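Novice: sequence plus the predicted model coming up.
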Amino acid sequence: MPDILEKYVLAIDLGTSAAKVALVSLQGEVCCWESQSVPLHVLPGGGAEQDPDEWWRAILTLAKRLLGKGLVRVEDIVAVCPNTQGAGTVPIDRDGNCVGNAIIWLDTRGAEWNARLLNGPIRLQGFDVFKLSRWIRITGGLPARTGKDFIGHVLFLKNERPEVYRQAHKLLEVDGYIDYRLSGRLIATPDTMGMSWLTDNRNPNRIVYHEGLIAAAGIERDKLPEIVRCIDVLGPLRPEVARELGLRPEVKVVAGAFDLPATAIGSGAVDDYAAHLSVSTSAFLTVHVPFKKTDLFNMIASLPSAIPGRYIVMGEQEAAGVHLTFLRDNLLFPEDALSTGPAPQDYYPALNEAAAQAPPGSHGLIYTPWIHGERAPVEDPWVRGGLHNLSLSTTRADWIRAIMEGVAFNVRWMLEPIERFCGRKLDPIVIAGGGANSALWCQIQADVLGRTIRQTKDPIQTAARGAAYMAAVGLGAMQFADIQAHVQMQADYHPDPSNRKVYDEMFAEFVNIYKQNKSIYARLNRSRDHRS
């Protein structure tokens, strides 16, 4: 057993803004990694698509570049395992070719069709009470009003892109598509399909399609792939992929998961009530729980985890680290006549250094981070972001720090109903993702949340570690209970009591800004095509 733990996994981490490939030992040590951006196509009417072929080309390029460094012997690489963005839909034909772009988790074009699916004469929270009761009883959740889920995407294709739907032999989730390119198997995993709202999630050891819900949605059953466990070995690499990468033909493909539960595993938050916060393009808070229940009013539910037989609670806010990218590309370094030049390569450290010059509370400036609507703790596609309490004395440092604080305020807004759902205080919280590289942002999270924040080693590679751990369990090299002992932490951040008053006051106003203005956002955006 110790010998196999010295072997390596080629871990694929496919996010929305970038693809990453890493070589990670089965015990979670990241040897090296490569990254490359992937294009996002934002379309009128709420469309958000990516080209699956661009994903695959990026993965091959990165893998060959990584393996070409020769830092790990080829014979020591025993598995390939992906984790990817979730809630996406890839239509492929019988030959395995894509018949359209991938519709990703940001896409809202299925909202109308989800609304029609759940409409009825007697409604609660906008849903027919009988349909709502059935869906929640079986799945734990229900199709999103925003349309940002697999079922919304599929219904959009069926009703508005019928030629694509007709040509599709299978409708795959993102991780399922990467698994197909690696192994030739057409599969889905319980964590992704559990959020399709087409599976029976009442027994976490047996996540299966529910024929009644599939029929109610009007989706053809044979277009849905087989469900396998996240730790299942799908078989060896396709011969042509092994040859192109220079890997041994017997290297195993382990199914993997989507990024939220994979990152939770990589952070070591695998025990019940162990909390994990990821701050990357979006931000999400996860915690494993030993029960299945649903909080409809806060849109929180126990859903299938990447760990077989377990449930996980996930709260996701739509935008986190992307705010700093937005600031860079649209205000600080736009590609137009007003630009002062190209953005520096190290702009994140520069923004972090600037934010550190502002005091806690950013001189009263509040940033609301809802630039693409919000998912949690309120599901509102019409809400939008903004700077509040701006004055002539506001500095750039105030602005940048307010962005970091605004993301933390929204996390605190999510944390409160999740702790009620769990019936306990979640402390400490392990932090990961690119945003966790910032000591300042970690401290801001600790101060705003009033919780100890534990920073993982190499936080940007937490999802890749999660893929390696899933491969290790799938290959029989360890158990999930062993993972926590292998995860290394690099720092703990404790709440500063002197900042509590200012953050409590500003958080209350942050929530008030939403409550007082949500009807204005709806009027401004419901009648206009602002979703793009």
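Specialist: On my side now, so go ahead.

Novice: residue 100 is in contact with residue 166, isn't it?
Specialist: No - between residue 100 and residue 166 there is no contact under C-beta atoms under 8 Å: 11.2 Å. C-beta coordinates here come from the backbone N, C-alpha and C atoms, glycine included.

Novice: okay, those two: which has more neighbours?
Specialist: residue 100 (19 against 12; other C-beta atoms under 10 Å).

Novice: helix or strand for the closest residue to that one other than its chain neighbours, which one?
Specialist: Spatial nearest neighbour of residue 100, excluding adjacent residues (C-beta to C-beta, 6 or more residues apart in numbering): residue 164 at 4.3 Å. Per DSSP states H and E, residue 164 falls inside helix 162-167.

Novice: again with residue 81
Specialist: Assigned by DSSP H and E, residue 81 falls in strand 77-84.

Novice: list of residues touching the following helix or strand past that strand?
Specialist: Per DSSP H and E, the first helix or strand lying C-terminal to strand 77-84 is strand 90-92. Here strand 90-92 makes contact (C-beta atoms under 8 Å, 6 or more residues apart in numbering) with 52, 98-100, 102, 157, 164-165, 167-174, 176-177, 180.

Novice: swap in 6 Å and give it another go.
Specialist: Under the contact criterion C-beta atoms under 6 Å, 6 or more residues apart in numbering, strand 90-92 has outside partners 52, 98-100, 102, 164, 168, 170-172, 177.

Novice: farthest pair in these?
Specialist: Maximum pairwise distance among the contacts of strand 90-92 (C-beta to C-beta): 14.9 Å, between 164 and 177.

Novice: more neighbours: these two, which one.
Specialist: residue 177 (27 against 19).

Novice: for the stretch 1-150 of the chain, what spans make up the helices?
Specialist: 2-5, 52-67, 111-117, 129-139, 150-160 (DSSP state H, counting those that start in this stretch).

Novice: sec struct for residue 204, please.
Specialist: In terms of secondary structure, residue 204 is coil; the call rests on DSSP: H, G, I helix; E, B strand; the rest coil.

Novice: nearest spatial neighbour of residue 207, skipping sequence neighbours?
Specialist: Residue 207's closest residue in space is residue 190 (C-beta to C-beta, 6+ apart), at 3.8 Å.

Novice: pLDDT score assigned to that neighbour?
Specialist: At residue 190, the pLDDT value in this model is 96.

Novice: before we move on, the earlier item: so which of the helices of the stretch 1-150 of the chain is the most surrounded?
Specialist: helix 150-160 (a mean of 24; mean count of other C-beta atoms under 10 Å).

Novice: quick one: average pLDDT of it?
Specialist: Here the average pLDDT along helix 150-160 is 97.

Novice: stretch 14-31 too?
Specialist: On average, stretch 14-31 scores 93.

Novice: ok, and what's touching it?
Specialist: 5, 7-9, 11-13, 32-38, 55, 58-59, 62-63, 66, 71-72, 84-85, 281, 458, 461, 464-465, 468, 472, 477, 486.

Novice: parallel or antiparallel, list what pairs with the strand holding residue 81.
Specialist: Paired strands of strand 77-84, with direction, are strand 8-14 (parallel), strand 252-254 (parallel), strand 257-258 (parallel) (DSSP bridges).

Novice: may I see the buried residues of the host helix or strand of residue 323?
Specialist: Following DSSP H and E, one finds residue 323 within helix 322-327. Residues of helix 322-327 classed as buried: 322-324, 326-327 (neighbour count, 16 or more other C-beta atoms under 10 Å).

Novice: swap in stretch 348-368?
Specialist: Those would be 348, 351-352, 354-355, 358, 360-368, for stretch 348-368 by 16+ other C-beta under 10 Å.

Novice: likewise stretch 470-481?
Specialist: Buried-residue list, stretch 470-481, by 16+ other C-beta under 10 Å: 470-475, 477-478, 480.

Novice: what's the neighbour count on residue 508?
Specialist: 10.

Novice: could you verify my assumption that residue 178 touches residue 80?
Specialist: No - if you go by C-beta atoms under 6 Å, residue 178 and residue 80 don't touch, sitting 9.5 Å apart.

Novice: neighbour-wise, which of the two wins?
Specialist: Set residue 178 next to residue 80 and count neighbours by other C-beta under 10 Å: residue 80 wins out with 30 against 27.
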